[in-house]
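Chemist: Quick one, fold the following:
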Amino acid sequence: MTNRHSNTEQTKHINFVSNEKIVSVQPALSGKCLASNGKCGEKNVSCNETFGPEWTYNGKCCSGRPCCKFLKAPCVPETCPNGFKLLSNQTSSANCYSTSSGQRLVSWHEAFVRTLNPDNSRKDVDREFVLYADIINETNSWLIEQSLNLCLNPQRCRQLFNQKNEPFISDTLMSSINGYIYGNLPDFPVYEGEKVAFYAMGLNLGLHVFGVQGQSFTFKHKRTHGVVFGIAWFEGLYMTARNPGRWLIFCKVNYHFNHGMAAFVNVMPRPGILPSLTIRRTRRYFIALEEIVWDYRPSGRVLARVGKGSTERSRIEERFFTSDGAIGGRFVKAVFIEYTDESFKKRKKRCKDDKHLGILGPPVRVEVGEKLEIILFNKASRPYSFNPFGLAFTKDNEGAFYKNDRNSSDVSGAAAMPGQHRRYIFTVPWDYGPTKEDPQCITETYQSFVDYARDQYSGLIGPLLICKPGTLNARGRQHGVNKEFFLMLMNWFEQGSWYFNQSISLAMLNAINGRVFGNIGGFDMCVGDRVSWHVLGFGERFDYQNPVFEGNNIQYDGRMVDHVTVFPGTSQTVFMIPDNPGNFMFSFLKKLL
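Modeler: This next block holds a predicted model:
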């Protein structure tokens, strides 16, 4: 594979759906805009060395953008760029034409103002990939009869199919990426520093939320780690590849991830391409992992009830409180707990404004250009980790466990064993922080990722705020915000927890910050307060939530609305200035206890 920045005979690779067909083309324009001093960024590499002599004019860089201010746009190179040539009787390189677009001639100037190069590749990105995520139901295929013949026991498979056996039908639902499951898709290859476009689409079943470990997407001009798309959705996702290594790209919906909806982005090293990050400040958190008995309804009562009740609600309340073998709401959990220093002798006390956090770990806040250091102490009985979404880190600091080598069965990741301390280091480059379309802090999450879903259901989840420079005050809170509230909405599948055998009974509990039936409190504010709400989604394929803020509207995406939607693996930041005093409920367009 050729590095397209290494010489004048550059190549550009476009990876198609199967990742098996690679087409090499000659880029007409580099798409880079460099300083007009003839140097290439901080490394002082000349334009000649970087792009070749055709991109130099009077000793200044001229790389396909009108960045040479003393010239009329677009810059005119001294010779025709790659892919262009002078027509007969022409002497000026401004009259360079491409003949690679069929019979129609394309001038250099026209190519400059067009989005695509003459070969139909995009000018503004270095790599383009198709990401087709789908739940493929093989029993609906026209070729199911032929497929049944490929079973290890075709006669038994055909019998189960004809009986519409549910476990068998379920096993034929393939949670796939481009037709592959469990990482069998050939890696998406990129070089460090390249701008990458993913064209994501879904067709048949399910909503999908995709993220890449250690990377961050720009989606609809906003920054995010998890991007949602579903049935007949087609979206463009963009990222700048950072930190060499083989990184997991996966669906953050627990069911889809557990059933194989994962692949890999292989970032190959290219030293010196990305500018070095100047660290303005280091923020340090001391966090322990501890096992506790968690009570979903500590009051023992139903503190929130809407309407006159229903048969379903009565059944749910009976299952919790009055029937023989009632669940009761108490379960063993592991949680993130903040301490004051690395001795881990004194817990950091949660103030009144943090009362609402419930089972959530401490809010972690960091600004663009800063380093985040987490000192983790595992006081639990099994290995756990700390893995943030939306921050940059090296493979040595990755808290996710998975196979990094296709030819090996070994699983690797940065975990803390029971009784062990572990230090994690993360950074926030400019292209991981909020865009100009984003609020001053974007909401992300962190969790243990030794086992993606089981660690969640065991309780190891917390909020992460990634903020613009100058947003946080000396206390680490947002300037100009009177109150910060965090809402984590999740259907807790207790059978999926590591501690299921130690808990009382099988249950699925729809909870806000780990509390049910109105047992969460602490959402107190005054009329006129500037309130920042950070809404987090986790869980299964049916766990999309629509919390309604009754009584006072919220500002979201430039609009005043009364509700916002989150999916598993996504988060939202919304603002409120309450003007209507009183006690109000969170209600849900979708049922939640």
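
Chemist: Where do the domain boundaries of the protein fall?
Modeler: 12-113, 127-268, 282-588 (automatic domain parsing).

Chemist: How far does the longest one sit from its chain's centre?
Modeler: Looking back up the chat, that one is domain 282-588. Here domain 282-588 is found 16 Å from its chain centre; the criterion is C-alpha atoms, centre = their mean, to the nearest Å.

Chemist: and the end-to-end length of it?
Modeler: By C-alpha to C-alpha, to the nearest Å, the extent of domain 282-588 from end to end equals 39 Å.

Chemist: Could you do stretch 172-187 as well?
Modeler: Start-to-end span of stretch 172-187 (C-alpha to C-alpha) is 24 Å.

Chemist: sorry, back to before: so which of the domains of the chain gets nearest Ser121?
Modeler: Among those, domain 12-113 comes nearest to Ser121, with 5.9 Å by C-beta to C-beta. Yep, even glycine has a C-beta here, placed from its N, CA and C like the rest.

Chemist: Just the mean pLDDT for that closest one, thanks.
Modeler: Mean pLDDT, domain 12-113: 45.

Chemist: how about the strands in the stretch 301-450 of the chain?
Modeler: Taking DSSP state E, counting those that start in this stretch, the strands of the stretch 301-450 of the chain run over residues 330-339, 364-367, 370-378, 387-388, 421-427, 441-447.

Chemist: quick one: the residue nearest in space to the middle of the chain from Pro271, how far?
Modeler: Closest residue to the average C-alpha location of the chain: His225 at 2.0 Å, with C-alpha atoms, centre = their mean. In this view, His225 and Pro271 are 26 Å apart by C-beta to C-beta, to the nearest Å.

Chemist: same question, Ser381
Modeler: Using C-beta to C-beta, we find Ser381 at a distance of 42 Å from Pro271.

Chemist: These two: which is more packed in?
Modeler: Neighbour comparison, Ser381 and Pro271: the larger count goes to Ser381, with 13 against 9 (by other C-beta atoms under 10 Å).

Chemist: Angles on the backbone of the closest residue to the more buried one other than its chain neighbours, please.
Modeler: Of all residues not flanking Ser381 in the chain, Pro418 sits nearest, at 5.7 Å (C-beta to C-beta, 6 or more residues apart in numbering). Pro418 adopts backbone torsions of phi -50, psi 130, taken as degrees, to the nearest 10.

Chemist: my guess is Gln555 meets Val574, correct?
Modeler: Yes - using C-beta atoms under 8 Å, Gln555 is in contact with Val574, at 6.4 Å.

Chemist: neighbour count winner among the two?
Modeler: Neighbour totals were compared for Gln555 and Val574, and Val574 leads with 22 against 15 (other C-beta under 10 Å).

Chemist: element containing that one?
Modeler: Taking DSSP states H and E as the criterion, Val574 maps to strand 571-576.

Chemist: got a list of contacts for that strand?
Modeler: Strand 571-576 has contacts (C-beta atoms under 8 Å, 6 or more residues apart in numbering) with 226, 438-439, 441-445, 463, 525, 530-537, 549, 552-556, 564-566.

Chemist: The chain: helices as residue ranges?
Modeler: 47-51, 108-113, 144-148, 154-162, 166-171, 254-258, 311-321, 452-457 (DSSP state H).

Chemist: Run through the protein and note the low-pLDDT ranges.
Modeler: Low-confidence segments of the chain (pLDDT under 70): 1-115, 118, 303-328, 502-507, 589-593.

Chemist: rerun that using 50 as the cut-off
Modeler: Low-confidence segments of the chain (pLDDT under 50): 1-45, 47-57, 62-75, 91-93, 101, 103, 591-593.

Chemist: need the longest strand for it.
Modeler: strand 281-295 (DSSP state E).

Chemist: Can you tell me the strand partners of that strand and which way each runs?
Modeler: strand 330-339 (antiparallel), strand 370-378 (parallel) (DSSP bridges).

Chemist: Just put these in JSON lines and tack on distance to Ile292.
Modeler: Listed next are the strands paired with strand 281-295 as JSON lines, based on distance: least, C-beta to C-beta, whole Å:
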{"stretch": "strand 330-339", "distance to Ile292": "6"}
{"stretch": "strand 370-378", "distance to Ile292": "14"}
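
Chemist: on that earlier part again, distance to Arg242 added to the strands of the stretch 301-450 of the chain, as JSON lines?
Modeler: Output for the strands of the stretch 301-450 of the chain, formatted as JSON lines (distance: least, C-beta to C-beta, whole Å):
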{"stretch": "strand 330-339", "distance to Arg242": "26"}
{"stretch": "strand 364-367", "distance to Arg242": "16"}
{"stretch": "strand 370-378", "distance to Arg242": "15"}
{"stretch": "strand 387-388", "distance to Arg242": "14"}
{"stretch": "strand 421-427", "distance to Arg242": "9"}
{"stretch": "strand 441-447", "distance to Arg242": "16"}
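
Chemist: Can you list the buried residues in the longest strand of the chain?
Modeler: For strand 281-295, the neighbour count (16 or more other C-beta atoms under 10 Å) marks 283, 285-291, 294-295 as buried.

Chemist: That one vs strand 421-427, what angle?
Modeler: Going by axes from the mean of the first three to the mean of the last three C-alpha atoms, to 10 degrees, strand 281-295 is angled at 130 degrees with respect to strand 421-427.

Chemist: let's have the chain start at 10 instead
Modeler: In the new count, where the first residue is 10, that last one comes out as strand 290-304.

Chemist: how much does strand 290-304 deviate in direction from strand 450-456?
Modeler: 60 degrees.

Chemist: Go ahead and name everything in contact with stretch 221-229.
Modeler: 220, 232-234, 236, 244-248, 250-252, 254, 256-259, 274, 396, 399-404, 407, 409, 440-441, 444, 446.

Chemist: could I have it exported to CSV, CA atoms only?
Modeler: Output of stretch 221-229 as CSV, limited to C-alpha atoms (Å, rounded to 0.1, in the frame of the first residue of the first chain):
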residue,chain,number,x,y,z
VAL,A,221,-14.8,3.1,17.0
GLN,A,222,-12.6,2.5,20.0
GLY,A,223,-10.1,5.4,20.5
GLN,A,224,-11.6,7.5,17.7
SER,A,225,-14.3,10.2,17.4
PHE,A,226,-16.9,10.9,14.6
THR,A,227,-18.1,14.1,13.2
PHE,A,228,-21.8,13.5,12.3
LYS,A,229,-24.1,16.2,10.9
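
Chemist: Would you mind listing the buried residues in that stretch?
Modeler: Buried residues in stretch 221-229 (16+ other C-beta under 10 Å): 221-228.

Chemist: Reformat these as CSV; add distance to Asp196.
Modeler: Listed next are those as CSV, based on distance: C-beta to C-beta, whole Å:
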residue, distance to Asp196
Val221, 12
Gln222, 13
Gly223, 15
Gln224, 14
Ser225, 19
Phe226, 18
Thr227, 22
Phe228, 22
